[in-house]
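Trainee: next input, structure requested:
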Amino acid sequence: MLKRREFITLLGGVAAIWPRAARAQQKAMPVVGFLSSQSPDPMAPLMAAFRKGLSQAGYGEGQNVAIEYRWAEGQYDRLPALAAELVSRQVAVIVASGGDPSALAAKAATATIPIVFTGTVTDPVKLGLVSSMNRPGGNVTGFNLFLSVLNAKRLELLHELAPTAARIGVLVNSTSPTAELDTNDLHAAAGALRLQLNVVGASAERDLDGAFASLIRQQSNAILVAADPFFTIWRNQLVALAAQHALPTIFTLREYSAAGGLMSYGPSLADGYRLAALYVAQILKGAKPADLPVQQAVKVELVINLKTAKTLGLEIPMSLLMRVDDVIE
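Mentor: Numbering: from 1, shown residues only. Take a look at the predicted model:
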């Protein structure tokens, strides 16, 4: 039997060892860096989808994986410094969330830490993120939405809904690395439809009122909001401005239509974040980004808000109603 003094000494030894063991266990937990061009609140539903993907792969935040978040809140010039912070933290993998700016900032910050992008809107090969879609070849892979590629189709849909609108206002983020590419593609599509484009830029919340005022002064009859994470942050304000000026407007994602926007055409963001989480899990288990093909959106949704259409006095053509994936009433 242990004497009282020996027992106390043994307890003291266990007490000294326990904090070290706990720290060692905490240190062994892999850390995922989450770099986003957006803000936490609008991202809540997408983060739920991301965590669902992790859970499907056997990971739980705070249980066997830690996540460090860095939010640029729509200010793209903050992304390089935020990416550098995650690199210095020596995270196991970086999730570049919220479009091309985040992915480009992460790639510029490290050539060794694995990067999984989600929500890029442009061809990642053209952006220089990967060598090819099937074999990325470096430390970067992810999920691509190809939102910009769909701009021409959005213009067609808007023209079909509002055929008398000859002048289409286009709202772009002037600080986006793909703004010029988006504008060029839209001008080509507008030429084929014999439409005139009025392109206006906005890169901060304070710019939005002025941008819409400029589009009105240019006698725009309808609006197309280009694909950009910044606009997703302020989707409620954009929807309100479109309603205030009674302008038929098409957006990129169903989240806009759910907030009261007239029409949207684009893939599911939530599915992209869930798939990105599955890639993160594979990398944590030893997979290399170079061997994980870039995944693409396989389904594109056309969503129409009938309540908004009624408010605008628009009758939805049967040709559109027959192709719609979801209606909001």
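
Trainee: which stretch of helix or strand covers residue 41?
Mentor: Applying DSSP states H and E as the criterion places residue 41 outside every helix and strand.

Trainee: any idea of the pLDDT on it?
Mentor: Residue 41 is assigned a predicted lDDT (pLDDT) of 88.

Trainee: adjust the sequence numbering to begin at 647 for everything that follows.
Mentor: Yes, from this point I'll number from 647; that puts the last item at residue 687.

Trainee: burial of it, as a residue count?
Mentor: If you count neighbours by other C-beta atoms under 10 Å, residue 687 ends up with 8. (Glycine included, C-beta is placed from N, CA and C.)

Trainee: just want the most central residue of the chain.
Mentor: Centroid-nearest residue in the chain, with C-alpha atoms, centre = their mean: residue 744, separated by 3.3 Å.

Trainee: which residues does that one contact?
Mentor: Contact analysis of residue 744 by C-beta atoms under 8 Å, 6 or more residues apart in numbering lists 682, 683, 684, 689, 718, 765, 875, 878.

Trainee: so which of the residues you listed sit within strands?
Mentor: The strands, defined by DSSP state E, take in 682, 765 from the contacts of residue 744.

Trainee: show me which of the contacts of residue 744 has the smallest pLDDT value.
Mentor: Within the set of the contacts of residue 744, pLDDT is lowest for residue 765 (74).

Trainee: you'd agree it is up against residue 914?
Mentor: No. Counting by C-beta atoms under 8 Å, residue 765 does not reach residue 914; the two are 11.1 Å apart.

Trainee: the two - which one has more neighbours?
Mentor: Taking neighbours as other C-beta under 10 Å, residue 765 and residue 914 compare with residue 765 leading, 29 against 19.

Trainee: against residue 824, how distant is the residue nearest to the centre of the chain?
Mentor: Going from residue 744 to residue 824 by C-beta to C-beta, to the nearest Å gives 13 Å.

Trainee: next one: residue 726
Mentor: According to C-beta to C-beta, residue 726 and residue 824 sit 17 Å apart.

Trainee: more crowded one of these two?
Mentor: Neighbour totals were compared for residue 726 and residue 824, and residue 824 leads with 24 against 16 (other C-beta under 10 Å).

Trainee: excluding its backbone neighbours, what's nearest that one?
Mentor: What sits nearest to residue 824 in space, not counting adjacent residues and going by C-beta to C-beta, 6 or more residues apart in numbering, is residue 768, at 4.8 Å.
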